[in-house]
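Chemist: Below is the sequence, then the predicted model.
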Amino acid sequence: MRRNDFVRLCAFIKPGGSYASAWRLPDVPADAGVSLDAVARVARTAERGRFDALFFPDTLAMPWTDQEVAHRHGLISDVVDPIVLVAALAPLTKNIGLMVTASTTYNEPYHLARYFASLDHLSGGRAGWNLVTSLTDPEAWNFGRDTHLDHAERLARAEEFYDVVCGLWDSFTDDAFVYDKESGRVFHPEGVFAPRHRGEHFEVDGPLTVSRPPQGRPVIAQAGASPAGRKLAARVADLVFAIEANREAAARQAAELRDAAAAMGREGGPLFLPALTVVPGRTRTEAEDAMARLEATADPTVMLANLSFYLGCDASQFPLDEPLPPLPPTNASISSRDRLVAEATAEGLTVRELALRQDRADTLVGSAEDVADHIQEWFESGAADGFTVIPPYLPGALDDFVDLVVPELDRRGLLRPVRDGETLRERLSLRRPAHRVPARTAAEDD
Amino acid sequence: MRAGVPTMSLGCFLQAGGQHVSAWRLPDAHARASLDFPFLAEMAGLCEQAYMDAMFLPDSLAAWVGDLDVMSRTTRGEHFEPTTMLGALSAVTEHIGLVATATSTYNHPYHVARKFASLDHLSKGRAGWNLVTSLVPAESRSFGTAPFPSRGERYDRAEEFLEVVRKLWDSYSDEAMLRNRETGRYYDPAELHLAEHHGERFRVRGPLNISRPPQGHPVIFQAGNSPRGRDFASRNGEVLFTAQSALDEAQEYYRDIKSRAAAAGRDPDDVIIWRGFAPLVAPTQEEADRLESQINELLHEDVIWDLVQGPLPNVDFSGCTLDDPLPALAESADGRQDLLHGMAGLDRLSIREIALMAAGGGVVAGSPTRIADELQEWFESDGADGFLLAFPYYPTSLRLFVDHVVPELQRRGLYRTGYPGKTLRENLGLPRPQEVWR
């Protein structure tokens, strides 16, 4: 069943592109992680291509610790903080949404509430927060911990974190600030509702130091895949980002999400935007050629490190151009291992071929029509409200998407007309949350 | 005066609602400046036309004024978060430095190191960090219910915090990034240095996930006035600013800081001292004085009382009228009291006069010549190396300063006629720091 009139598009911007070695291509700026010019060019392309939002991932550490692998892993060791980056993009763009990843595990609610409120004001209501709980131990090591918080604890903290942030965003009513020169009032004192939060993880008093965000609440994105993560998404998310192997699985996931949201009394529920890693071309051959050029950049050390991860054993010494050797036994339950071994055996793949295939994963390589067909089929069958488009290399793969696929989607009437001056919520037809008076305020307690 | 630096440096202290608490009510003030980014970008453009070194954003992590009714009569109730605001400004300016305030008391070093390294990269070497230890006790309640730490504790934390931040900035050496497409080597692992910090307050492994900032380290701004604050600032600060309004006190501060810096093994010329200065410029002295009275008349009586009572919570004002002198001052750990102490001759003034001084944040009303005279006197007599200009209101105070005072200073040979360098460090004439592990 089709739920919305238009396909929603987010552009997932990892500097240089999602493919680890993409920076080795001549057209990818090798310093894309720290260059505003490089990112601004990508942002303008996405805006021209009527993407609803840019979506920036983040981690609070260099995730690879083995220096042999890490130093060949490219841009991931050299990226600016996406909150500051998106702030810089705000004046350089005019209607595209600016979604940023930020962790509830290694931040304080007062800081994030302020960053996102500030971004929302700076961008005229185009800010969004991709709420994550962080994934890796190296992040823990940068914040005084030996290991990452366990999953349940992270989610419990995230639930409370979100509520504290929402309370802070509601520190002032929408019409509190009047700046009335005549009476000398900047804001109405009765428009202030300083929350006083006392919870298991946080104790925070408001008010925030900034008026209510233009969108009331910046758009919230979530990508929880565990049951607890999905519960959080069903409760708080406006957008859900997911990696789905096929249309049927995506449709099931989308329906479950809608049901879970409905069970919590949410009308509509989150927009479901599965990942679409895509290399489009004028023809299939052109797209395959581009993919081949990209795969030629893959670094053997990094390839084998990735393969080790998915096989659950040390593959670093495997000869690249020979068949996959017999693997040592393992106790670990690694579902990817069986699949990879089966594929390698059935098709007689070399180690290199297998590694490239794993890194290529579900990348859609095809003509503009192929890509538009995929998007339309998933969209019209209820498997997606839109897509998180992941360009493996930048700016090229996004340029091609915008120049080739977007006109095709437009011909099919799938894209919404863009209006300058809209907030991201308006653009996505998301309700603007009304101001809520906090359960407990500082004023009542005093 | 710094050796070989015959001209003063200038920065703009961007309290968007205006330095004077009631000036936003003037007809030509832009009352809603606090969250009007296009307007603030235009102000930054004016500062750039005047070759100023930096836009400086103050900050607090809680409402500055305690009393809600008083706060509602000032523009201090809302402001942009500084690193995001300056991130945006980095995209629409070319030369001017971007200095954000961030506290070491209610932050984590990894985040601060990363935000400022990012700002330095995005702006191509124009970032500065105003390191504060928090001034407003209410900030503690934004981050839990533990009491506001003492000054000593805050400075102890700041010492370790800054040590960690510097280690993180130096995670990679200047030469580390190879970005060699041929070999596939992005960086040279031999040039990577983990922070591996195991201190009393922080444990941080590193590396920071970003290459070394273009300036090596963003420029460190600091304003410490207590003995502990001066000690910290003279060892770590590169641009120090001070609120002294009397020249002799400022000269004492100047001499003290420079000699402390020398004692710490630094070249005293690598420490720049800026006086906070709030110029209210008008074509003639009479017009400037009239304008100042006009602004003062816009002050609400509740605000006047709060301006004096707020920083002096332990002083009993009961039975006082605004025209009485100040009751005896009590000792307080609250840093805001220092701001009042920085004012000269408190004992000779009435409560109202003190409040008016506080309201204006030290406004000096004058003709372009008179303002230039004062800047010249302070600059030439070692009261300051430059000035942090807190304009009473926007856009008029800034525009008049840029149009009339700057050319006057240039005519006198006291001010530059172009940007000498590309980065904030180069423009300030500050050396580029070596990696801490060298």
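Modeler: Arrived safely. Only a predicted model underlies this, so the values are computations on that prediction, with no experimental measurement involved. Residues are numbered from 1 along each chain as shown, chains lettered A, B, ... in the order given.
Chemist: Does the residue of the stretch 301-446 of chain A found nearest chain B fall in a helix, a strand, or a coil region?
Modeler: Per C-beta to the nearest C-beta, A:Ala443 is where the stretch 301-446 of chain A lies closest to chain B, at 7.7 Å. Where you see a C-beta, it was placed from the backbone N, CA and C, and this is true even at glycine. Secondary structure, DSSP: H, G, I helix; E, B strand; the rest coil: A:Ala443 is helix.
Chemist: and what of B:Gly128?
Modeler: Under three-state DSSP, the three-state class of B:Gly128 is strand.
Chemist: Next, work out how far apart the closest residue to it other than its chain neighbours and B:Leu428 are.
Modeler: The spatial neighbour of B:Gly128 that comes closest, neighbours along the chain excluded (C-beta to C-beta, 6 or more residues apart in numbering or on different chains), is B:Val99 at 3.5 Å. Noted for B:Val99: a distance of 11 Å to B:Leu428, by C-beta to C-beta, to the nearest Å.
Chemist: Overlap in contacts, these two.
Modeler: Shared contacts of B:Val99 and B:Leu428, defined by C-beta atoms under 8 Å, 6 or more residues apart in numbering or on different chains, comprise B:Val219.
Chemist: near chain B, which residues of the stretch 151-300 of chain A show up?
Modeler: A:172, A:177, A:179, A:181, A:184-189, A:192, A:202-207, A:209-211, A:297, A:299 (C-beta under 8 Å from any C-beta of the partner chain).
Chemist: now with 10 Å?
Modeler: A:168, A:171-172, A:176-192, A:194, A:196, A:198, A:202-212, A:214, A:297-300 (C-beta under 10 Å from any C-beta of the partner chain).
Chemist: Those residues in strands, which ones?
Modeler: A:177-180, A:185-187, A:196, A:198, A:203-205 (DSSP state E).
Chemist: returning to what we had before: so for B:Val99 and B:Leu428, which sits in the more crowded spot?
Modeler: More neighbours surround B:Val99 than the other of B:Val99 and B:Leu428, with 31 against 24 (other C-beta atoms under 10 Å in any protein chain shown).
Chemist: Now for the more buried one: which residues touch it?
Modeler: B:Val99 makes contact with B:11-14, B:53-58, B:82, B:86, B:116, B:119, B:126-130, B:218-221, B:239, B:388, B:424 under the criterion C-beta atoms under 10 Å, 6 or more residues apart in numbering or on different chains.
Chemist: Just the buried ones among these, please.
Modeler: Buried subset of the contacts of B:Val99 (neighbour count, 16 or more other C-beta atoms under 10 Å in any protein chain shown): B:11-14, B:53-58, B:82, B:86, B:116, B:119, B:126-130, B:218-221, B:239, B:388, B:424.
Chemist: re earlier: and the residue of the stretch 301-446 of chain A closest to chain B, what is it in contact with?
Modeler: Applying C-beta under 10 Å, 6+ apart, the residues contacting A:Ala443 are A:189-190, A:192-194, A:196, A:207, B:68.
Chemist: And A:Phe6, by the same measure?
Modeler: Contacts of A:Phe6 by C-beta under 10 Å, 6+ apart are A:50, A:52, A:379, A:385-386, A:409, A:413-417, A:427-429.
Chemist: let's see it at 6 Å
Modeler: A:Arg416 (C-beta atoms under 6 Å, 6 or more residues apart in numbering or on different chains).
Chemist: Make sure I have this right: it is in a helix.
Modeler: No: assigned with three-state DSSP, A:Phe6 falls outside any helix and is coil.
Chemist: In the stretch 251-400 of chain B, what residue lies closest to chain A?
Modeler: Closest point on the stretch 251-400 of chain B to chain A, by C-beta to the nearest C-beta, is B:His300, at 5.5 Å.
Chemist: do you know how far the residue in the stretch 201-350 of chain A that chain B sits nearest to is from B:Phe143?
Modeler: Proximity of the stretch 201-350 of chain A to chain B (C-beta to the nearest C-beta) peaks at A:Asp205, 4.0 Å away. Going from A:Asp205 to B:Phe143 by C-beta to C-beta gives 9 Å.
Chemist: Spell out which parts of the stretch 251-400 of chain B neighbour chain A.
Modeler: Within the stretch 251-400 of chain B, the positions near chain A by C-beta under 6 Å from any C-beta of the partner chain are B:His300.
Chemist: what bits of the stretch 251-400 of chain B have low per-residue confidence?
Modeler: Scanning the stretch 251-400 of chain B for pLDDT under 70 picks out B:328-347.
Chemist: hey, where'd the strands end up in the chain?
Modeler: Using chain A here. Under the criterion DSSP E, chain A carries strands at the ranges A:8-12, A:53-56, A:97-103, A:127-132, A:177-180, A:185-187, A:196-198, A:203-205, A:219-222, A:239-242, A:271-281, A:364-367, A:386-390.
Chemist: Chain B was what I was after
Modeler: Under DSSP E, chain B gives strands at B:9-13, B:54-57, B:97-103, B:127-132, B:177-180, B:185-187, B:197-198, B:203-204, B:219-222, B:239-242, B:272-281, B:363-366, B:386-389.
Chemist: got the contact list for the longest one?
Modeler: Spelled out, it's strand B:272-281. In contact with strand B:272-281 (C-beta under 6 Å, 6+ apart) are residues B:19, B:239-241, B:243, B:254, B:288, B:292, B:361-365, B:371, B:384-390, B:392, B:400-401.
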